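Q: Would you be able to build a 3D model of this:
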Amino acid sequence: MKKKKLAILGSTGSIGTQTLQVVAEHPDLYEVRILTANTQADMLIGQALRFEPDAVVIVDESKYEYVSHALADSPIKVYCGAKSLCEVVAFDTVDVVVTALVGFSGLEPTISAIKAGKQIALANKETLVVAGSLITSLARQHKVSILPVDSEHSAIFQCLVGEGDNKISKLLLTASGGPFRTMTAQEICHATAKHALQHPTWQMGAKITIDSATMMNKGFEVIEAKWLFDISPEQIEVLVHPQSIVHSAVEFCDGTVKAQLGMPDMRLPIQYALSFPKRLPLSGERLDLFKIKNLTFEQPDIKKFPCLGLAYQAIAQGGNMPCILNAANEVANLAFRQGEITYSQICNTLEKTMSSVAFDPTPSLETFLQTDTESRLVAKKIISKQLS
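A: Numbering: from 1, shown residues only. So this is what the prediction gives:
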């Protein structure tokens, strides 16, 4: 394999750090050219000194001098600000852009990378949630491949490899069920962010862990799957699978179901996105089905997890509605983590925002940017009224 040159957007987060672990296992195949972080300056400095990229970006401009001083004796260039993310992904030294940013912040850098002809290893699902039609259109125009890093979408992708034009009946998207799976709706209403952050299977960032608890994350993954695999939402079925061993499956027109199984280790889909179509050795625990013994599946309870239903509603309406939903969710998710609203008020905030912000059936990039700004303001006003 030709050595691939990587830009890792969000290198200090969960996906970013695990991507660097994959790089460390295969230094003959990958080299890091760009690292970026939002606020975690010290971790970014440590990564830069170890992996020696061409450049780093610290989005928090107040930490620019600190990072610059720490790297002054190295040849590493230091940039700051969100706009720099869009610039560094276009550098000639970059082959693959790993988009591991959180939320809406990943949209514009991903667009810049696509326009620059870079291969995308997509871990930032919100990019397709917010602007799936725009992103897929640009990818076709610039002949750029988007390889999924989410474990579920990677599983589906792996099941489809070699299937050619064989017709798909449906995608089976698995979900762990999160920390509230066995709780009643009444019990969930009293759950705190501390409870929600105790995910039973995966170690993830705070935002996505809360989204997993509400099943909003799975709703976003339904939208992401629609765009990645060009399939209608009606053909995407969510299965709650608490063991997190079957990462997702595909049912074909003849009734055959292909599934991808493995230990819950995000390095597996990360490495596959980077090495495709080859598989490489990877350290870590191997799946032992004799130890697992039982694999169970349940239907999701929409009454307990109404956010999942809102995602189906948003993608059915299309246009900028998923963008409205995403923006409202980012605001409500943070408010819940900060103890400003209750669990049940998350969904209430989303519903009210979706009904309050103007709908646009054919949005442009400018529309998406305006919709995101407006939706956040509306969601914050709704939360303020709930607090008063």
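Q: which residues touch the host helix or strand of residue 211?
A: Using DSSP states H and E, residue 211 maps to helix 206-214. Contacts to helix 206-214, defined as CB atoms under 8 Å, 6 or more residues apart in numbering, come from residues 14, 102-103, 175-176, 178-180, 191, 193, 195-197, 199, 202, 204, 217-218, 220, 305, 307, 329-330, 333-334, 336-337, 343, 346-347. In this view, the C-beta of every residue, glycine as well, is placed from N, C-alpha and C.
Q: In helices, which of these appear?
A: Of the contacts of helix 206-214, the ones assigned to helices by DSSP state H are 14, 193, 195-196, 217-218, 220, 307, 329-330, 333-334, 336-337, 343, 346-347.
Q: Select only the buried ones of these in PyMOL?
A: This is how PyMOL selects the buried members of these, with burial counted by 16 or more other CB atoms under 10 Å:
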select buried, resi 14+193+196+217+218+220+307+329+330+333+334+336+337+343+346+347
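Q: The nearest residue to residue 84 once chain neighbours are set aside: what's it in contact with?
A: Take residue 84 and drop its neighbours on the chain: the residue closest to it by CB to CB, 6 or more residues apart in numbering is residue 57, 4.7 Å away. By CB under 8 Å, 6+ apart, residue 57 lies in contact with 34, 35, 36, 37, 78, 79, 80, 81, 84, 85, 88.
Q: Point me to the helix or strand that includes residue 57.
A: Using DSSP H and E, the element containing residue 57 is strand 55-58.
Q: List the neighbouring strands of that strand plus their orientation.
A: strand 30-37 (parallel), strand 77-80 (parallel) (DSSP bridges).
Q: how much distance is there from it to the middle of the chain?
A: When C-alpha coordinates are averaged (CA atoms, centre = their mean, to the nearest Å), strand 55-58 and its chain have centres 21 Å apart.
Q: right, and the helix or strand after that strand?
A: helix 64-70.
Q: For the helix holding residue 211, buried residues please.
A: Across helix 206-214, burial judged by 16+ other CB under 10 Å covers 207, 208, 209, 210, 211, 212, 213, 214.
Q: Quick one: which of those residues has the lowest pLDDT value?
A: Within these, residue 208 has the lowest pLDDT, namely 84.
Q: What separation is there between that one and residue 266?
A: To residue 266, residue 208 is 11 Å away according to CB to CB, to the nearest Å.
Q: Between these two, which contacts overlap?
A: residue 14.
Q: Any idea which helix or strand in the chain has the lowest mean pLDDT?
A: For the chain, using mean pLDDT, DSSP states H and E, the weakest element among its helices and strands is helix 193-196, scoring a mean of 77.
Q: From the contact counts, what lies against it?
A: On a contact count with 3 or more CB pairs under 8 Å, 6 or more residues apart in numbering; DSSP states H and E, helix 193-196 meets helix 206-214, helix 321-337.
Q: Quick one: the ones you listed as JSON lines, columns for distance to residue 107 too.
A: What follows is those, written out as JSON lines (distance: least, CB to CB, whole Å):
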{"stretch": "helix 206-214", "distance to residue 107": "16"}
{"stretch": "helix 321-337", "distance to residue 107": "9"}
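Q: and the residue lying farthest from the centre of the chain, which of the three is it?
A: Here the centre of the chain is the reference, and by CA atoms, centre = their mean the most remote residue is residue 73, at 34.9 Å. Per DSSP: H, G, I helix; E, B strand; the rest coil, the secondary structure class of residue 73 is coil.
Q: Pull up the gap between it and residue 51, please.
A: 16 Å.
Q: now swap in residue 144 and tell me
A: To residue 51, residue 144 is 25 Å away according to CB to CB.
Q: Tell me the gap between stretch 105-120 and the middle of its chain.
A: For stretch 105-120, the distance to the chain centre is 15 Å (CA atoms, centre = their mean).
Q: So which residues of the stretch 251-388 of the chain form strands?
A: Using DSSP state E, counting those that start in this stretch, the strands of the stretch 251-388 of the chain run over 257-261.
Q: Would you map the helices across it?
A: For the stretch 251-388 of the chain, the helices defined by DSSP state H, counting those that start in this stretch cover 267-275, 289-292, 306-317, 321-337, 343-356, 365-387.
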